[in-house]
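K.L.:
output the structure for:
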Amino acid sequence: MSIRTATLERKTAETSVKLVLNLDGKGKGVIDSGIGFFDHMLNLFTAHGLFDLTLVCDGDLEVDGHHSVEDIGIALGQAFKQAMGDKKGIRRYGSFYLPMDETLALVSLDISGRPFLVYDGGEMAPTIGGYDTELTEEFLRAFAFNAGITLHVKVLYGSNSHHKVEAVFKGLGHALRLAIENDPRVEGIPSTKGSL
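P.N.:
The predicted structure is shown next:
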């Protein structure tokens, strides 16, 4: 399998995002989004997916975190799609239940080329640190639609909002790790259509 990496820059009037992604890494993240809790979540996503990710975002945080989180999702999704290449030999599907203390989250996905998001995070506190919890769905939508992934995320239960969001990001890393793994029994594209 070839080396699956991507380098990407995205610049708008609201944000500037630069990142380097290695899908077959060691789980090392060097991340500066300007939002401490979101950095923590992206580091967990990286560590549990065994990706290497270097990412910096200069965004209009004086407005709020929305543009930064969404644009990071867009850029990361585009980088993921680029790094995946032709998708030959991958498992394609990945599902993972992630327990985080009293919380349990399910993340299930298909690297299908047909982007979709179903998200049910349940009730959460409005903010965690300086992070608006509504932005979790915005990040997931931006990532899924730009990566070409069908993504279903559900927090089954839990009471602590930090744990709920953390379970989602860790679960996403694990589910992606499973889906992009090379399956030696798969010859070519894992689809009866012949393309993803």
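K.L.:
helix, strand or coil for Val20?
P.N.:
Per DSSP: H, G, I helix; E, B strand; the rest coil, the secondary structure class of Val20 is strand.
K.L.:
list the contacts of it.
P.N.:
Contact partners of Val20, counting by CB atoms under 8 Å, 6 or more residues apart in numbering, are Thr5, Ala6, Thr7, Asp52, Leu53, Thr54, Leu55. C-betas here are computed from N, CA, C, even on glycine.
K.L.:
which of those count as buried?
P.N.:
Restricting the contacts of Val20 to buried positions leaves Thr5, Ala6, Asp52, Leu53, Thr54, Leu55, with burial counted as 16 or more other CB atoms under 10 Å.
K.L.:
okay, and the fifth one sits in which element?
P.N.:
In other words, Thr54. Using DSSP states H and E, the secondary-structure element containing Thr54 is strand 52-59.
K.L.:
which helices and strands does that strand pack with?
P.N.:
For strand 52-59, the packing partners by 3 or more CB pairs under 8 Å, 6 or more residues apart in numbering; DSSP states H and E come out as strand 15-22, strand 29-32, helix 36-49, helix 66-84.
K.L.:
ok now that strand, how far from the chain's centre?
P.N.:
Chain-centre distance of strand 52-59: 13 Å, with CA atoms, centre = their mean, to the nearest Å.
K.L.:
same question, stretch 137-147
P.N.:
Taking CA atoms, centre = their mean, one finds the center of stretch 137-147 at 8 Å from the center of the full chain.
K.L.:
which residues touch that stretch?
P.N.:
Residues outside stretch 137-147 that contact it (CB under 8 Å, 6+ apart) are 66, 69-78, 80-81, 84, 109, 111, 115-117, 119, 121, 149-151, 153, 168, 172.
K.L.:
and if we set it to 6 Å?
P.N.:
Contact with stretch 137-147 is made by 69-70, 73-74, 76-78, 80-81, 115, 117, 119, 151, as judged by CB atoms under 6 Å, 6 or more residues apart in numbering.
K.L.:
repeat that for stretch 26-35.
P.N.:
By CB under 6 Å, 6+ apart, the residues outside stretch 26-35 that reach it are 39, 42-43, 46-47, 50, 52-57, 59, 61, 65, 68, 130-131.
K.L.:
what's across from the nearest residue to Ala179 once chain neighbours are set aside in the sheet?
P.N.:
Taking CB to CB, 6 or more residues apart in numbering, and ignoring the residues beside it in sequence, Ala179 has Gly94 as its nearest neighbour in space, at 3.3 Å. According to DSSP bridges, the residues that bridge with Gly94 are Leu109.
K.L.:
from here on, call the first residue 176.
P.N.:
Sounds good: first residue 176 from here, last item Gly269.
K.L.:
how far away is Gly269 from Leu198?
P.N.:
The spacing between Gly269 and Leu198, counted by CB to CB, to the nearest Å, is 13 Å.
K.L.:
same question for Gly240.
P.N.:
The span separating Gly240 from Leu198 equals 26 Å under the rule CB to CB.
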